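[1] attaching a predicted model along with its sequence, questions to come.
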Amino acid sequence: MNNKKRKSGVLMNISSLPGPFGIGVFGGEAKRFVDKIADAGFKIWQILPLGSLDAGNSPYAADSAFAGNTLYIDPRFLYERNLVTYAELEECKYNGSPYTADYEFVYEKNDFILKTAFSRIDDEIIEEIEAFEKDNDWVEDYSLFKAVKEHFDGKPWWEWPDDYSDYKKCEEHKAEFNESMTYYKFTQYLFFTLWKNIKMYANSKGIDILGDMPVYMAPDSCDVWAHTELFQINPETKKPELVAGVPPDYFSEDGQLWGNPLYDWKRMEKDNFAWWVERIGFALRIFDTVRIDHFRGLASYWAVPADAKSAKEGHWEEGPGQKLFDAVAEEYNNPSIIAEDLGTFGEDVVSLLESTGFAGMRVIQFGFDPYSGSTSTHLPHNYPSNCYAFIGTHDNNTLLGWLWEATPPERDFALEYCGFKGYDWGAGGYHSASCRCIIENVWRSCADVAMIAFQDMCGFGSDARMNVPGVPELNWRFRTTDETISKVDFEYFRKINGLFGRI
């Protein structure tokens, strides 16, 4: 992607797409969404990580750095391949609210439909799986991890018997899990076959995919199990003594205690960060541009004792810095990466951004601090050209929700800064005057890229928020419908994309 060209994009996660299955999938609805944003002059579709979800349905703690979330596999594709019957397809359809992802329902039906389809695969599909496996070395370890985990009733890998929790010993047991491993390879073959089709369609319409890469891995993940030596894991207890998090910031007074194992960067440097280079290369292959979440953790990271009650008990440690990206540059010339550089950060993060040349991020909601005046880097007049300027991220309130929940001084400052002349700032909806006033300030800025979440295109309130950081329940559930998408004023967005030189 040429970041020097002005453009704009929309954030809409796959899970939020419309459809009949209780969650968005890689189907016709995704292509229709692409058509809509392409016609409005947008050039980017941003999605959240494509990996599996944790217990709270967050996509930022996957069980693999490479594998995809099988909930996004379209059951209609299985029907088209004659792997399931029409009656079985109908069983997957959801009759509840179309505005909320029902994960409990979807997990049950996804397991049913995929295992039914697998029981009917033929030699042609087996050959396709084998071809997929040749192009994706990671799928062997992943399928073994999933098969063994299933065998031990879903227990985390550190609770498996030694012959299995030790990756090298477990490899000797592969023959025991041959059929189960083939099933998990089949699911990933399906996932990436369908994703490739969606990405190719988007690209054909002039839409680039902005994908998301979490910095850390879940403790109970294939990568931590298969590469324990690359993480700060106690080999006797098989547990980390220090875990990841962030200090107190905009989102949380106590900081956020994530609990992910930390990397052993000194050990990783010995093989020139081979695992990270492979991971970034894979992401560059399946996306057009990669957003590295919590980029500041690669400059220096917040290390918290594993038994700590809050992230406040942590301390800073030095990350790999430019050495990591020198290794990446040896394999990939001018990689299309943007850095999520939000939150608490110092000069080391600024220096790393400058040395890599990656675009950073700005979020206008963070700029409306009346006590900082005009100095905030998140106010549009302070944006550098080499940045992605957001109305809000998946972690922010919606724009209308922010206006309603801001303090009066914050709201007054925001409305005055953006030149809002109306009187009904609280009126939301598809033609919200206050929301449009703020949106246009980001669009006219000199930021190369302006980004908006779908909810803010609709003028929705805080009930449409995607995630509240630090709150483990009832997040990541926002969904929309074809009817809602049809009500969006795409002509307005085409107008401002043209007016401010983003077409």
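    Right, received. Where do you want to start?
[2] run through who's touching the helix or strand where K495 lies.
    With secondary structure defined by DSSP states H and E, K495 is part of helix 490-499. For helix 490-499, the surrounding residues in contact (Cβ atoms under 8 Å, 6 or more residues apart in numbering) are 8, 36-37, 39-42, 431, 436, 439-440, 443, 457, 502-503. Placement of C-beta: from N, CA and C, glycine included.
[3] what about the residues you listed, which are in helices?
    Residues of the contacts of helix 490-499 located in helices (DSSP state H): K36, I37, D39, R436, I439, E440, W443, M457.
[4] model confidence at the fifth one, what's the number?
    Right, I439. Reported pLDDT at I439 in the predicted model: 98.
[5] give me the low-pLDDT residue ranges for the chain?
    Under the criterion pLDDT under 70, the flagged ranges of the chain are 1-4.
[6] could you point out the longest helix of it?
    helix 178-204.
[7] E440 and C418: what is the separation?
    E440 is 8 Å from C418, where distance means Cβ to Cβ, to the nearest Å.
[8] name the residue in these two with the higher neighbour count.
    When neighbours are counted by other Cβ atoms under 10 Å, E440 and C418 differ, and C418 comes out ahead with 20 against 17.
[9] what residues are up against the more buried one?
    C418 touches C437, I438, E440, N441, counting by Cβ under 8 Å, 6+ apart.
[10] about what we covered before: please state the offset of the helix holding K495 from the chain centre?
    Relative to its chain's centre, helix 490-499 lies at 27 Å (Cα atoms, centre = their mean, to the nearest Å).
[11] pull out the buried residues from stretch 488-503.
    With burial defined by 16 or more other Cβ atoms under 10 Å, the residues of stretch 488-503 counted as buried are V488, D489, F490, F493, R494, I496, N497, F500, R502, I503.
[12] and those residues as a markdown table, adding distance to S119?
    Below are those laid out as a markdown table (distance: Cβ to Cβ, whole Å):
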| residue | distance to S119 |
| --- | --- |
| V488 | 42 |
| D489 | 47 |
| F490 | 44 |
| F493 | 46 |
| R494 | 48 |
| I496 | 52 |
| N497 | 48 |
| F500 | 54 |
| R502 | 49 |
| I503 | 49 |
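[13] which among these gets closest to F325?
    Proximity of these to F325 (Cβ to Cβ) peaks at R502, which lies at 28.5 Å.
[14] backbone dihedrals for the closest one, please?
    With angles defined as degrees, to the nearest 10, R502 sits at phi -110, psi 10.
[15] how close does it sit to F42?
    8 Å.
[16] anything in contact with each of the two?
    K7, S8.
[17] most neighbours among the contacts of C418, which one is it?
    I438 (26 neighbours).
[18] correct me, but that residue touches F390?
    No: between I438 and F390 there is no contact under Cβ atoms under 8 Å: 11.6 Å.
[19] ok, and what's touching the helix or strand hosting R285?
    Element membership for R285 (DSSP H and E) is helix 274-286. The set of residues external to helix 274-286 that reach it, using Cβ under 8 Å, 6+ apart, is 50, 65-66, 138, 192, 195-196, 199, 211, 213, 223, 227, 230, 268, 290, 324, 327-328, 330-332, 335-337.
[20] now do 6 Å
    With Cβ atoms under 6 Å, 6 or more residues apart in numbering as the test, helix 274-286 has contacts from A65, F66, M213, L230, V290, A327, V328, E331, P335.
[21] ok, so of those, who is nearest I14?
    For those, the minimum distance to I14 (Cβ to Cβ) is 15.4 Å, reached by M213.
[22] so which residues of the stretch 201-350 of the chain form helices?
    For the stretch 201-350 of the chain, the helices defined by DSSP state H, counting those that start in this stretch cover 222-226, 265-270, 274-286, 322-331, 347-356.
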